[in-house]
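J.: fold the stuff below for me.
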Amino acid sequence: MGEVFRAVDQRLDRTVALKFLSDAFENDARARRQLAKEARAAAALDHPNICSVYGIEEYDGQHFIVMQHIAGRTLSEVIKERRLDPEEFRSLAKQIIEAVAFAHSHGIIHRDLKPGNIMISDDGRARILDFGLAKAVASNPLLENTGGETSQFSNNGGLIGTVSYMSPEQLRGEKLDFRSDVFSLGIVLFEMLTGKNPFARPTQAETIAAILGGSSSVAGTLDENDLKNLLLKCLSAELSGERNLWLRF
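T.: Residues are numbered from 1 along each chain as shown. Here you go, the predicted model:
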């Protein structure tokens, strides 16, 4: 739905990123509400591992978010290029987990956690971005009056988000809570370790079936250790209190 450009804030003499609605959505009132919702969600979260939002603006009929420019690459690009060594994995995983936990402590779930939405800066810091599907699950006045809860489905009936990182309850269109992010985060952590998504299959239908059926490749891929057990709990197909144990990582 959006396009991001690097720009210069001439008043403050700093490089920023501008996220515009793509031309196809510029006149879509629902898309504009989502853009405003993304800005409010991210702006409400002041954390070193979450991309900062400086404001939401309109110029010549175009709506855009002004946010922190991060020099680096997405986690997805890093994973495709090489395997992470144990120390790097632990450092990045800790940063990502702390950022998600911080958002949860402020009553916000991301709903679209994936390596493509995590930037790794040149100095090795992880930052979560793209809160376009974020949802308030607790009273949060900063997210009120933004058009209500977003459906899991687009206007044409397609799923919103990236299927191979969705929780079972998200795929079923059910009401979500923090545990949905925990599931998605478990997928991200597994991919950081192995370079592969544990549920990815040749087709979207097969991927959905694997997630709903709990058919991940975690058990046969990782050695027996506490991390493996933790990921298995994160990726439990059924909602349970055990999914909350990921914070012990």
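J.: tell me the secondary structure at the residue positioned nearest the centre of the chain.
T.: By C-alpha atoms, centre = their mean, the chain has its centre lying nearest to residue 113, at 2.4 Å. At residue 113 the chain is in coil, as set by DSSP: H, G, I helix; E, B strand; the rest coil.
J.: for it, give me the pLDDT.
T.: What the model reports for residue 113 is a pLDDT of 95.
J.: please enumerate the helices of the protein.
T.: For the chain, applying DSSP state H gives helices covering 29-43, 75-81, 86-105, 168-171, 178-194, 204-212, 226-234.
J.: elements contacting the worst-scoring helix or strand of the chain on mean pLDDT?
T.: When each helix and strand of the chain is scored by mean pLDDT, DSSP states H and E, strand 135-136 comes last, with a mean of 72. For strand 135-136, the helices and strands in contact under the criterion 3 or more C-beta pairs under 8 Å, 6 or more residues apart in numbering; DSSP states H and E are strand 108-109. Bear in mind the C-beta positions are built from the backbone N, C-alpha and C, glycine included.
J.: pull up the pairing partners for the strand it packs on, direction included.
T.: According to DSSP bridges, strand 108-109 has the following sheet partners: strand 135-136 (antiparallel).
J.: flag the shaky bits of the chain, pLDDT-wise.
T.: Scanning the chain for pLDDT under 70 picks out the ranges 1, 137-160, 219-224, 226, 237-249.
J.: redo that, cut-off 80
T.: Applying pLDDT under 80 to the chain flags residues 1-2, 22-28, 38, 132-161, 215-230, 232-233, 236-249.
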